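[1] Okay, here's the prediction I keep looking at, along with the sequence it came from:
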Amino acid sequence: MKIQSSNIFMHSDCSSISIDTKEETLKTWVGDKRPDFEGKLSSTNQLAKITINTDFLDLSEEARALIEQEKSASGKITETQNEEINISDKDKQKILLLQKMLEAITGKKIKFILPERIELQGTSAKLSFNSRNLNIKLPAKLGSGMEYNLQETHFEKEQMSYESQGIIKTSDGREINFSVQLDMSRQFASQQNIQIRAGDAVKIDPLVINFNGKAPELTDTKFSFDLDSDGSQDQISFLTQDSGFLALDLNNDGVINNGSELFGPNSGNGFAELSQYDSDGNNWIDENDPIFEQLRIWTKDSKGNDKLFALGQKGVGAIYLGNIETPFSMKNSENILNGQIRTSGIYINENGTAGTIQQIDLTV
């Protein structure tokens, strides 16, 4: 091909964005009940609340001295320990500082203990669960509490659009009209969440049963309900109509009055609470267990009215007590956290199909 003449147009658009956010909160209190940090705080509550929105932590000389004393008392941290704990020196300093602050507020000796490292052999993990040997003992009130939350997010997006069009004439008399367009884009998002709870920190993670093979969804609309059974109303998201809370109407008044009639809010482990009713020890809640006929599924209709169903009314035949961790954040269209899925298990319907039951932390 021999080009005699040409008229070429080219255009491109390029854009990129990168966003990093970091939010840290520390809430501490003295007393056997968690204050209503999210609502109006009573002047009689003895509490301290610290919000850190910076990307670094500047320690005073006194704080640094306290950290060095703690390191000396605890012995040198070996390289092997660093690998097992898998946190940076900067994060260790933050945790030690939180420990000292909590000690100063409560007047008690506090020691943070990190869990042992879990190593999985091979390509799968084996779940071992024996409800017969499970004996739940709720800890005594400590008279103080602490909640620490860290959330870091990173988002980046890049786009490129290229187009070209024109007319080309060749020496043999041909005229070529062409148009070319190329679009490229990429995006990446990551999130890190760290939560530390100590003392009488509230646990609000009830068991949820899902129907029709659907995943649970939480409403953006908030409802008033005393989830932690402290006598005050919390504002929580509720489940859509394809899911419901597993409940036990303790006073048989036909109403779920507070979180004590759900499985999980009081102890932080709904599956463990439910397993206490496994009378024959077969790791299932079924018709062999007296509680089976008393269990209810609590839902709301489209108008927000409460509905209670027996397990049989929803076709549920048996609930398995085994479960595994399945962490997942439940956020709305504006990326606001309404709840966090913790663990998941299964139940069997009378027709032989299976469904899911999950433990969900509700944001209040």
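    In hand now; what should we look at? Numbers count the residues shown, from 1 in each chain.

[2] what about the strands in the stretch 251-364 of the chain?
    Assigned by DSSP state E, counting those that start in this stretch, the strands in the stretch 251-364 of the chain fall at 284-285, 295-300, 306-310, 316-320, 324-331, 337-349, 354-362.

[3] I meant the stretch 101-250 of the chain, not that one.
    Under DSSP E, counting those that start in this stretch, the stretch 101-250 of the chain gives strands at 144-170, 175-199, 207-210, 218-225, 234-239, 243-248.

[4] Deepest in the core, which of the ones you listed is it.
    Mean neighbours per residue, mean count of other C-beta atoms under 10 Å, is largest over the strands of the stretch 101-250 of the chain for strand 207-210, with a mean of 24. (Each C-beta comes from the backbone N, C-alpha and C, glycine too.)

[5] Which strands or helices does it pack on?
    strand 243-248, helix 270-275, strand 354-362 (3 or more C-beta pairs under 8 Å, 6 or more residues apart in numbering; DSSP states H and E).

[6] again, only this time at 10 Å
    Packing contacts for strand 207-210, counted by 3 or more C-beta pairs under 10 Å, 6 or more residues apart in numbering; DSSP states H and E, involve strand 234-239, strand 243-248, helix 270-275, strand 295-300, strand 316-320, strand 337-349, strand 354-362.

[7] mind putting these in TSV, distance to residue 1 included?
    Formatted as TSV, the helices and strands packed on strand 207-210 follow (distance: least, C-beta to C-beta, whole Å):
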stretch	distance to residue 1
strand 234-239	65
strand 243-248	65
helix 270-275	73
strand 295-300	71
strand 316-320	71
strand 337-349	60
strand 354-362	63
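
[8] between these, which gets nearest to residue 288?
    strand 316-320 (9.1 Å; C-beta to C-beta).

[9] Which of the helices and strands packed on strand 207-210 sits closest to residue 306?
    Residue 306 lies closest to strand 295-300 among the helices and strands packed on strand 207-210, at 6.0 Å (C-beta to C-beta).

[10] ok so, going back, rank the helices and strands packed on strand 207-210 by mean pLDDT and give me the bottom one.
    Among the helices and strands packed on strand 207-210, strand 234-239 carries the lowest mean pLDDT, at a mean of 78.

[11] So what are the sheet partners of that strand and their directions?
    As defined by DSSP bridges, the strand partners of strand 234-239 come to strand 218-225 (antiparallel).

[12] got the angle for the strand it pairs with vs strand 295-300?
    110 degrees (axes from the mean of the first three to the mean of the last three C-alpha atoms, to 10 degrees).

[13] Convert the C-alpha atoms of strand 218-225 to PDB, please.
    What follows is strand 218-225, C-alpha atoms only, in PDB (Å, rounded to 0.1, in the frame of the first residue of the first chain):
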ATOM      1  CA  LEU A 218     -30.300  -5.600  56.000                       C
ATOM      2  CA  THR A 219     -32.600  -2.600  55.600                       C
ATOM      3  CA  ASP A 220     -31.300   0.900  55.600                       C
ATOM      4  CA  THR A 221     -34.300   1.800  57.700                       C
ATOM      5  CA  LYS A 222     -33.600   1.600  61.400                       C
ATOM      6  CA  PHE A 223     -35.900   0.000  64.000                       C
ATOM      7  CA  SER A 224     -35.900   0.500  67.700                       C
ATOM      8  CA  PHE A 225     -35.100  -2.700  69.700                       C
END
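
[14] Can we start the residue count at 37 from this point?
    Done: numbering now begins at 37, and the last item shifts to strand 254-261.

[15] which other residues reach it?
    By C-beta atoms under 10 Å, 6 or more residues apart in numbering, the residues outside strand 254-261 that reach it are 244, 268-276, 279, 281, 292-295, 298, 336, 340, 342, 366-370, 372-375, 396, 398-400.

[16] Stretch 196-209 now?
    37-52, 210-222.

[17] CA atoms only for it - export them in CSV, please.
    Provided in CSV are the C-alpha atoms of stretch 196-209 (Å, rounded to 0.1, in the frame of the first residue of the first chain):
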residue,chain,number,x,y,z
MET,A,196,-8.2,5.5,29.3
SER,A,197,-10.1,6.1,26.1
TYR,A,198,-8.5,6.4,22.7
GLU,A,199,-10.2,7.0,19.4
SER,A,200,-9.0,7.8,15.9
GLN,A,201,-10.8,8.3,12.6
GLY,A,202,-9.9,9.6,9.2
ILE,A,203,-9.7,9.3,5.4
ILE,A,204,-6.7,7.8,3.6
LYS,A,205,-6.1,7.9,-0.2
THR,A,206,-3.7,5.5,-1.8
SER,A,207,-1.7,5.9,-5.0
ASP,A,208,-3.9,3.4,-6.8
GLY,A,209,-7.0,5.5,-6.3
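
[18] could you give the mean pLDDT of it?
    For stretch 196-209, mean pLDDT is 87.

[19] hmm, back to that, please pick the buried ones from the contacts of strand 254-261.
    For the contacts of strand 254-261, a burial check counting by 16 or more other C-beta atoms under 10 Å picks out 244, 270, 272-276, 279, 281, 292, 294-295, 298, 336, 366, 374-375, 396, 398-400.

[20] So in the protein, where's the weakest helix or strand by average pLDDT?
    When the helices and strands of the chain are scored by mean pLDDT, DSSP states H and E, strand 82-88 comes last with a mean of 39.

[21] Could you list the low-pLDDT ranges of the protein?
    67-127, 140-144, 147-179, 231, 233-240, 399-400 (pLDDT under 70).

[22] Domain-wise, how is it divided?
    39-47+191-228, 53-155+178-188, 238-398 (automatic domain parsing).

[23] Quick check: which of those is buried the most?
    domain 238-398 (a mean of 17).

[24] Ok, which of the strands of the stretch 137-286 of the chain comes nearest residue 137?
    Among the strands of the stretch 137-286 of the chain, the nearest to residue 137 by C-beta to C-beta is strand 180-206 (8.6 Å).
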